[in-house]
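Enquirer: here is a sequence with its predicted model. Questions after.
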Amino acid sequence: MQTLDSLYSTLISWIQLTIAGFLAPGEFLLREAALRAPGALAALDVGAADSTAVLCLAVAYWLVVLLVAARILRIVRLVMRKISTFLRIVYFWIALFARSIKTLFVCTLRKLSLWRRPGNLDETRFVEISETELAFLRHAAERGPGFAVSAPDLAESFAMRPAQAQRYLDSLAANRLVDYAFGATDGFENYRLTDTGAAFLAMWNRRQKRSIPAPRQQPA
């Protein structure tokens, strides 16, 4: 019972404090008006302690506070939106500049690699492709993208020595039909089929389907 009485007393105290806090601005405004413009209050027949006037002034005060707070919140959200837009624009230009630098760097490296290649690049160079190398390409294509082949694997599949299979792989790598892959198998490098090798193999297969003799040379 005492606990309920204590809770009830606490609730009543909080309500009284809330009402007092709500009416405090009205009381302050009415008191200031009585000090600064007593004639106006007398003309309105409003006393310095008129509870109705206090309530009206308190309601008007809190409405003004809410309107001002809403306006300030709107301004803050607008400023934050502008700052966010500005930061996104800055990020876009920085990312664009970084991509441009990266593209310029990659193009420069490609030009340097082209300058270091022997022969005249304006002339078409033809590469001899043997039947064994063509079989290696087909074997690499059958393994699927992401899978590598190595000289020991090919030697086991084609009944040859790993060193002999490695020479064929070196020839294919020199012609950019295969490329080095990560890792090694029994001391031999791993290789994967390149886009050039896949395109060459697809062209070869199309020619075979059309019953046209496949060329023995591949432009590089």
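Expert: Thanks, I have the structure now.
Enquirer: quick one, phi psi at residue 150?
Expert: Backbone torsions of residue 150, given as degrees, to the nearest 10, read phi -140, psi 170.
Enquirer: mind starting the numbering at 51 from now?
Expert: Shifting the count to begin at 51 puts that one at residue 200.
Enquirer: residues contacting it?
Expert: Residue 200 is in contact with 234-236, 238-241, counting by Cβ atoms under 8 Å, 6 or more residues apart in numbering. The C-beta positions use only the backbone N, C-alpha and C, and glycine is treated the same way.
Enquirer: per-domain residue ranges of this protein.
Expert: Following automatic domain parsing, the chain resolves into domains at 52-121, 176-269.
Enquirer: which of those is buried the deepest?
Expert: Of the domains of the chain, the one with the most neighbours on average (mean count of other Cβ atoms under 10 Å) is domain 176-269, at a mean of 15.
Enquirer: scan this structure for its longest helix.
Expert: helix 101-165 (DSSP state H).
Enquirer: next one: that helix to chain centre, how far?
Expert: Here helix 101-165 is found 18 Å from its chain centre; the criterion is Cα atoms, centre = their mean, to the nearest Å.
Enquirer: and what of stretch 220-231?
Expert: 35 Å.
Enquirer: try stretch 77-90
Expert: 62 Å.
Enquirer: report the mean confidence score over that stretch.
Expert: Across stretch 77-90, pLDDT averages out at 72.
Enquirer: same check on stretch 117-125?
Expert: Rounded mean pLDDT across stretch 117-125 is 93.
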